[in-house]
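Enquirer: here is my input; please provide its structure:
(chains A and B)
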Amino acid sequence: MCPLRCEPTAILAAGVVTPIGGDLDGFWSGLLTGADGISSIERFPVGDLKVSRGGEIKKLSSRDDGVRCRASRLLFAAADDVRARAALSADSARIGVVVGTALGGVEELERAIGGAPRLSTAAAGLYDAPGHALARRLGARGPVITVSTACASGSTALGLAADLLRADRADLVVAGGYDVLCRFVMRGFDALRSLTRERVRPFDRRRSGLLLGEAAALVLLARDGDTRHRLGRLLGHASTSDAAHIAAPDPEGRGLEQSIRLALRSAGVDARAVDFVSAHGTGTPLNDRIETAVLKRALGPRAREIPVNAIKGGLGHTMGAAATLEAIMCLLAGRHGVIPHTLGLEEPDPDCDLDYVPHAPRAASPRIMLSTSLGFGGCNAALVLEGGPA
Amino acid sequence: MSGVRLGGVGVITGWGEGIAALPADAAIAAGARMVVPAPTPALTGERFRRATRECLLGVKAVALLLDDAGLTREQIAGTETAVLYVTAAGYGASNHAFIVAAESGGAGPLHFPYTAPSAVPAEVTIEYGLRGPYVTLIGGAATTIEALAWAGRLIADGACTRALVLAVETFTECASLFARDRRLLGRPLTEAAACALLVAGEPPLAVQTVDETSTRAADVRRRAGQTLACAPLLALALARAVGEDPWSVTGRWRGRTLALRED
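Expert: Numbering: from 1, shown residues only, chains lettered A, B, ... in the order given. The predicted structure is shown next:
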């Protein structure tokens, strides 16, 4: 999705639940202190898997102990964090919900397929069930949409939310992404052999794969004319297809490059104006090399001067939540004047020769920021964000 | 022009290819069958050997659309064609297959990527070389209404010159699961793959919430059975077949009924 010219959208507030922090403040301080959210997985059996670690959230609010669907619980926790920071002050029929996910409530579907006796309906096992549960929790009676562009979902969801506002389908939209760490996805990535036994090292010479994590991340979006206090603005977005391979990115990264160019065009922003890039940065040999080459092409000669970070080293790859978390990180970087470092990057790879903010957070004042995402099935997405001091 | 025109449709259901294959009454035609399965399209090639049935149905539906629209695959390839894919349940079969394979230790490296709902549009974009705007939405008929309106906005914005809205629903592999929910899913469950090509024209489309399903939506439900996200696309195909205004279509999902309207 990529309108030719996007109307800027106000991002009023954000809320998260992550392996390094249970709310927005914890997430941000975890990024700056280099917190490591990777641990041994405890919630389900992993003894038969080659890799048994991930970014598992160990503790969730007891308020939702009665909610069995973990995906819904993650969304509820993030939504509570948003609502603690901004009121959903609009007619409930004009409040929309757009969430992105790679896996939906697959754990519920797995239980349902297995014939768990407590599940009486198929509806709870469908991938859009958590999004509708969130809408009910918020009392939102406007559009409810679930996006599933694999690990780019959290980016596409923000773009579609902006489009909903532009089309006057809603006055406020709660949008973002989520995914849970569960046996289904661990077995899947185990079979793909893309998980590392070492630490996640985005753009490092020794990088050997990714680790998975779970999270939910939501933002509250309004039309740009909304005069309330804001975290920043979404200026432009795009989601495109590689048309190359079911599981691997296009070797040339053409789809990602097109997403970046379209997002910049829809934002009305020249590549030379970009101050900071949040990369997808999974820590897999292929992704990081392709992403580096794409950023060089899309951003031109200035690419080497622009700080680029990746935050999956401490969180794991949180799939549908990742892109929204990274967008929120961008806005917080603009607000606080500091860019979190790329945790796990110690020995630069000659093939990844951009400024990947190693070792420690860096003082900077990024205003225009680019966030990139890729996913299975050739999904690519890019967001152009504007932040600034509080 | 700031709106859209229906450039072509492609339909496969458990009743056969095209709208003409639909019976007058799906419930009567289905008899005691809870699921009316769609046969797996016979497509050749290494990629299709490992692809899932729902992927093949999607690819075949687009082939039928190209025939209907009088277009070649070269004419739609590239960055000017958007793909908007919608499904409510079309990933259940691949999820089920992966769970079974993993339990027996037989899950290969490419098993898992096909569990993603976005595997279907991925195979379609690979097959036809479609590299334009791209999204997968999860939901039933109301979600397809959203997708049709979005497709119209993308064209009006100049983000693409045409948009393929595709839906695929399969039920056979998870029939026992879906049997537990008559309220949401209804009977008979008819497997389907349906798509529509929107091109620049008139009118501009928007979405509104309505109380009642349209006559045509009811007609699709009666003749095809429960096809979830495919239903609005079957309605477009029905309208195209009889030369009526295609856009008076509604879709219902999880208690919400949406309609397209001329903006």
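
Enquirer: okay, and the beta partners of B:V36?
Expert: Applying DSSP bridges to B:V36 gives these bridge partners: B:T190.

Enquirer: so who does it touch?
Expert: Contact analysis of B:V36 by C-beta atoms under 8 Å, 6 or more residues apart in numbering or on different chains lists B:T13, B:G14, B:W15, B:A26, B:A29, B:A30, B:P188, B:L189, B:T190, B:E191, B:G225. From N, CA and C alone the C-beta is placed, and that goes for glycine too.

Enquirer: then A:G283?
Expert: Contacts of A:G283 (C-beta under 8 Å, 6+ apart): A:196, A:200-204, A:207-210, A:310, A:312-313, A:344.

Enquirer: do the same with A:G209
Expert: Taking C-beta under 8 Å, 6+ apart, we find A:G209 in contact with A:R193, A:S194, A:L195, A:T196, A:E198, A:V200, A:G283, A:T284.

Enquirer: of those, closest to chain B?
Expert: Nearest to chain B among the contacts of A:G209: A:R193, at 6.5 Å, using C-beta to the nearest C-beta.

Enquirer: quick one: that closest one and A:P202, what's the gap?
Expert: According to C-beta to C-beta, to the nearest Å, A:R193 stands 19 Å off from A:P202.

Enquirer: I'd assumed B:R222 was in a strand, is it?
Expert: No: counting by DSSP: H, G, I helix; E, B strand; the rest coil, B:R222 falls outside a strand, being helix.

Enquirer: check it and give its pLDDT.
Expert: In this prediction, B:R222 carries a pLDDT score of 96.

Enquirer: follow-up on the earlier one: farthest pair within the contacts of A:G209?
Expert: The most widely separated members of the contacts of A:G209, counting by C-beta to C-beta, are A:R193 and A:V200 (15.3 Å).

Enquirer: which one of the two has more residues nearby?
Expert: A:V200 (31 against 11; other C-beta atoms under 10 Å in any protein chain shown).

Enquirer: correct me if wrong: that one contacts A:G316.
Expert: Yes: counting by C-beta atoms under 8 Å, A:V200 does reach A:G316; the two are 6.9 Å apart.

Enquirer: need the overlap of contacts for the two.
Expert: A:I38, A:L210, A:L211.

Enquirer: following the lowest-mean-pLDDT helix or strand in chain A, which helix or strand comes up?
Expert: Here the helix or strand of chain A ranked lowest by mean pLDDT, DSSP states H and E is helix A:106-113, holding a mean of 79. Using DSSP states H and E, the helix or strand that follows helix A:106-113 in sequence is helix A:129-138.

Enquirer: can you give me the buried ones in that following helix?
Expert: For helix A:129-138, a neighbour-count test (16 or more other C-beta atoms under 10 Å in any protein chain shown) marks A:A129, A:P130, A:G131, A:H132, A:A133, A:L134, A:A135, A:R137, A:L138 as buried.

Enquirer: chain center to that helix: distance?
Expert: 19 Å (C-alpha atoms, centre = their mean, to the nearest Å).

Enquirer: that helix - contacts with which helices or strands?
Expert: Packing contacts for helix A:129-138, counted by 3 or more C-beta pairs under 8 Å, 6 or more residues apart in numbering or on different chains; DSSP states H and E, involve helix A:70-83, strand A:95-100, strand A:144-147, strand A:172-179.

Enquirer: if you set the cut-off to 7 Å instead, what comes out?
Expert: helix A:70-83, strand A:95-100, strand A:144-147 (3 or more C-beta pairs under 7 Å, 6 or more residues apart in numbering or on different chains; DSSP states H and E).

Enquirer: pull the number of nearby residues for residue 181.
Expert: I'll assume chain A. So A:L181, with other C-beta under 10 Å, has 26 neighbours.

Enquirer: chain B, not that one
Expert: Neighbours around B:D181, by other C-beta under 10 Å: 18.

Enquirer: go on, A:G300?
Expert: 13.

Enquirer: residues contacting it?
Expert: Contacts of A:G300 were listed using C-beta atoms under 7 Å, 6 or more residues apart in numbering or on different chains, and they are A:A271.

Enquirer: change it to 10 Å
Expert: Residues near A:G300 by C-beta atoms under 10 Å, 6 or more residues apart in numbering or on different chains: A:D270, A:A271, A:R272, A:V274.

Enquirer: restricted to helices, list those residues.
Expert: Nothing among the contacts of A:G300 maps onto helices, per DSSP state H.

Enquirer: which one of those is nearest A:C151?
Expert: Among the contacts of A:G300, A:V274 lies closest to A:C151 (C-beta to C-beta), at 22.1 Å.

Enquirer: I figured the closest one hits A:R261, correct?
Expert: No: counting by C-beta atoms under 10 Å, A:V274 does not reach A:R261; the two are 11.9 Å apart.

Enquirer: more neighbours: the two, which one.
Expert: A:V274 (25 against 17).

Enquirer: just the pLDDT for that one.
Expert: pLDDT at A:V274 comes out at 98.

Enquirer: what's the distance between it and A:V294?
Expert: 13 Å.

Enquirer: residues in contact with the residue of the stretch 151-300 of chain A found nearest chain B?
Expert: Nearest to chain B, among the residues of the stretch 151-300 of chain A, is A:G188, at 3.2 Å (C-beta to the nearest C-beta). Counting by C-beta under 10 Å, 6+ apart, A:G188 makes contact with A:103, A:106, A:182, A:194, A:212, A:376, B:98, B:102, B:107, B:109, B:111-113, B:115-116.

Enquirer: please repeat the previous calculation with a cut-off of 7 Å.
Expert: Taking C-beta under 7 Å, 6+ apart as the test, what A:G188 contacts is B:F98, B:F112, B:T115.
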